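**Student:** next one to model:
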Amino acid sequence: MAAFASIPATIPIARGSISQHRSFTTTGVPVICNRLKLIPKIQFSKTNKLPTRSSCFKTPVSCSLADPETLKTVQTTIAKQLSIDVSSVTPETKFADLGADSLDTVEIMMALEEQFGVSVGEGGAENIATVQDAADLIEKVKAAA
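**Tutor:** Next up, the predicted model:
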């Protein structure tokens, strides 16, 4: 399909048969106009690809409640309970990725309660999936006490 663009009257239009200058209105009636020029329709392509950026522009954002000191203590306690290296315990690490089953998770929470002198309760420990979740829960319980 073609679109029409208005051009100034001073630009000469190639002369030809009347059918070359004929267009149609929305009602379907032919209209003859000497100041319209047929131009090809502009094509737009849809791309689902987002522009990529260099990794140096990515800034990690943390929405944690826990202090860095609390997080470090939680990491060392988890590493000690699971007998693994502390460097493998990062805030984003899930307990399942560390090889901890549900019993290990309960033992970790009991050790954290003893370490920080707080009581988390059974309901609070059920929603913990990552090391950061555990540290945030400890901070939340400490703030409430």
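**Student:** so for stretch 67-75, what's the average pLDDT?
**Tutor:** Stretch 67-75 shows a mean pLDDT of 93.
**Student:** identify each buried residue in it, please.
**Tutor:** The neighbour-count check on stretch 67-75 (16 or more other CB atoms under 10 Å) flags 70-71, 73-75 as buried. Backbone N, C-alpha and C define where each C-beta goes, glycine included.
**Student:** do the same with stretch 107-123
**Tutor:** 108-109, 112-113, 116, 118, 120.
**Student:** so which of the residues you listed sits lowest on pLDDT?
**Tutor:** Val120 (86).
**Student:** so how far is Thr90 from that one?
**Tutor:** 21 Å (CB to CB, to the nearest Å).
**Student:** and Gly99, by the same measure?
**Tutor:** 15 Å.
**Student:** those two: who's more crowded?
**Tutor:** Shown here are Gly99 and Thr90; by other CB atoms under 10 Å, Thr90 has more neighbours (13 against 10).
**Student:** can you give me the strands for this protein?
**Tutor:** Remark: strands assigned in the chain by DSSP state E are 2-6, 22-24, 30-32, 36-40.
**Student:** worst mean pLDDT among those strands?
**Tutor:** For those, where the average pLDDT is lowest is strand 22-24, sitting at a mean of 49.
**Student:** in this protein, what secondary structure element scores lowest on mean pLDDT?
**Tutor:** Counting by mean pLDDT, DSSP states H and E, the chain has its least confident helix or strand at strand 22-24, which shows a mean of 49.
**Student:** where exactly do the helices run in this structure?
**Tutor:** 68-82, 102-116, 122-125, 131-144 (DSSP state H).
**Student:** among these, which comes closest to Lys94?
**Tutor:** Evaluated with CB to CB, the helices of the chain place helix 131-144 nearest to Lys94, the distance being 8.1 Å.
**Student:** helices or strands up against the closest one?
**Tutor:** helix 68-82, helix 102-116, helix 122-125 (3 or more CB pairs under 8 Å, 6 or more residues apart in numbering; DSSP states H and E).
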